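In: curious how this folds, go ahead:
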Amino acid sequence: MDMFSAIIQGIIQGLTEFLPVSSSGHLAICQHFFGMQENNLFFSVMLHIGTLAAVLAVYFKLVVKLLKAFGLMIKDIFTGKFHWSSMDAERNLLVMLIIGLVPLFLLFLPIPGTDMKLKDLADKFSSDGYLIIVGISLLITSTLLFFGNRKNKKTVEFYTSKGRKPEDAGRRRYNVIDALTVGITQCCAAILPGVSRSGSTLAASQFRRINKQVALDYSFLLGTPAIVAAALLEGKDALFPEDGSRVQIDFLPIIVGMIFAAIVGFLAIKLFKWLLSTDKMSVFIIYTAAAGIIVLVISIIELSSGTNLFTHNPLTF
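Out: As a prediction, this is how the structure comes out:
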């Protein structure tokens with residue numbers, strides 16, 4: 001992979017990881033257009049590590065508070081002082097994040113009749129021949145954003161009718177059902193390139209009448225452990241294949257891509273928070289719908305011809 005490709009993909013990853021347009025979907029499209037199919041999964045995982053740095057930079061103070069809360073909570077559990085009903089805001093968020101991560105174990109379920117697990121579908125659906133899946137998934141993202149935004153508006157109307165400020169609309173604490181709902185949604189997004197993780201989990205929280213800014217913060221924080229876990233698992237598989245073969249990886253382009261992903265990701269988080277607070281989610285609803293339709297048309301043409309329109313290579317499945 002050359003440096004230019006690494007920079008472009010790093011920028012795309014940084015923008016799309018946090019904006020609700022699907023980073024995996026856009027990377028699959030980019031790789032499809034430019035014919036960059038070699039070792040895609042490992043490079044994508046490394047770009048996710050770059051965006052992880054962006055999350056930690058934006059939420060550094062909150063992450064520190066959560067780590068302190070975790071240590072104190074463990075101490076209280078062992079000393080019998082922990083009480084579910086008396087958890088403060090930090091402990092509640094911490095526990096709900098842990099519960100929200102539990103559904104990720106579903107990704108390790110085997111697919112009957114194959115030697116694959118559910119998590120392996122993400123890599124398979126990113127190949128040339130499955131571009132149609134990306135198009136359909138982008139339309140799913142647009143639909144989720146539309147109904148999530150609509151539900152949020154109804155929540156705001158309800159709260160303002162009670163004399164509350166619009167920015168205070170919605171619940172500020174998650175419960176177990178909320179966390180599991182968002183966690184399962186995150187699992188689905190992990191399988192389908194084109195379904196935005198941040199967008200779908202935000203919408204899931206909005207369906208549960210959670211305050212939109214609280215929902216966005218929860219979504220970003222929930223993705224952090226998932227990114228680390230994916231990097232460890234997929235990084236191990238990429239560097240140490242089961243067949244024992246030696247993998248040659250040029251780390252310089254990967255590092256450069258990670259740096260660009262981190263910088264652009266930081267700016268994207270700030271932009272998303274501002275757009276959400278100013279009720280401009282329609283931009284993403286329209287964009288993902290348009291992108292999904294375009295990708296669908298291209299994929300149908302390619303499937304009929306059996307070749308990639310941009311590289312003129314046979315489609316791979």
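
In: can you report how many residues lie near residue 207?
Out: 20 (other Cβ atoms under 10 Å). For the C-beta atoms, the positions are set from N, CA and C on the backbone; glycine is no exception.

In: residues in contact with it?
Out: Residue 207 makes contact with 147-148, 151, 181, according to Cβ atoms under 8 Å, 6 or more residues apart in numbering.

In: can you say which of those are buried?
Out: Taking 16 or more other Cβ atoms under 10 Å as the criterion, what is buried in these is 148, 151, 181.

In: sitting in helices, which of those residues do you find?
Out: 148, 151, 181 (DSSP state H).

In: wait, what's in contact with the closest residue to the last one other than its chain neighbours?
Out: By that I understand residue 181. Nearest non-adjacent residue to residue 181, counting by Cβ to Cβ, 6 or more residues apart in numbering: residue 204, 5.2 Å away. Residues counted as contacts of residue 204 (Cβ under 8 Å, 6+ apart) are 144, 148, 181-182, 185.

In: SS state for residue 280?
Out: coil (DSSP: H, G, I helix; E, B strand; the rest coil).

In: model confidence score at it, please.
Out: On pLDDT, residue 280 comes in at 92.

In: burial measure for it, as a count.
Out: 10.

In: what's the spacing between it and residue 127?
Out: Relative to residue 127, residue 280 is positioned 34 Å away (Cβ to Cβ, to the nearest Å).

In: now do residue 253
Out: 21 Å.

In: cool, residue 256 as well?
Out: In terms of Cβ to Cβ, residue 256 sits 25 Å off from residue 127.

In: and residue 54, what element?
Out: In this structure, residue 54 sits in helix 40-58 according to DSSP states H and E.

In: and that helix, how far out from the chain middle?
Out: 11 Å (Cα atoms, centre = their mean, to the nearest Å).

In: average model confidence for it?
Out: In the prediction, helix 40-58 has an average pLDDT of 83.

In: now the element after that helix, going C-ward?
Out: Counting by DSSP H and E, what follows helix 40-58 is helix 60-79.

In: contacting residues around the residue nearest the centre of the chain?
Out: In the chain, the centroid-proximal residue (Cα atoms, centre = their mean) is residue 197; its distance is 3.0 Å. Residue 197 sits next to 17, 22-23, 186, 189-190, 219, 223 when contact means Cβ under 8 Å, 6+ apart.

In: try it again at 10 Å.
Out: The contact partners of residue 197, by Cβ atoms under 10 Å, 6 or more residues apart in numbering, come to 17-18, 20, 22-24, 141, 185-190, 219-220, 222-223, 226-227.

In: repeat that for residue 8.
Out: Residue 8 neighbours (Cβ under 10 Å, 6+ apart): 2, 30, 34, 36, 257, 260.

In: just these: which has the poorest pLDDT?
Out: Scoring the contacts of residue 8 by pLDDT puts residue 36 last, at 69.

In: how close does residue 182 get to residue 208?
Out: In terms of Cβ to Cβ, residue 182 sits 8 Å off from residue 208.

In: higher neighbour count, those two?
Out: Each of residue 182 and residue 208 has its neighbours counted (other Cβ under 10 Å); residue 182 has more, 28 against 19.

In: the more buried one reaches residue 174, doesn't it?
Out: Yes - in this structure, residue 182 is within contact of residue 174 by Cβ atoms under 10 Å, at 7.9 Å.

In: common neighbours of these two, please.
Out: Once Cβ under 10 Å, 6+ apart is applied, the residues that residue 182 and residue 174 both contact turn out to be 96-97, 99-100, 205, 208, 210, 215, 218.

In: sort out for me which of the residues you listed are in helices.
Out: Using DSSP H, the shared contacts of residue 182 and residue 174 in helices are 96-97, 99-100, 205, 215, 218.

In: OK, contacts around the residue lying closest to residue 288 once chain neighbours are set aside?
Out: In space, residue 288 comes closest to residue 142 once its chain neighbours are excluded; the distance is 4.0 Å by Cβ to Cβ, 6+ apart. Contacts for residue 142 (Cβ under 10 Å, 6+ apart) come out as 20-21, 196, 199, 284-293.
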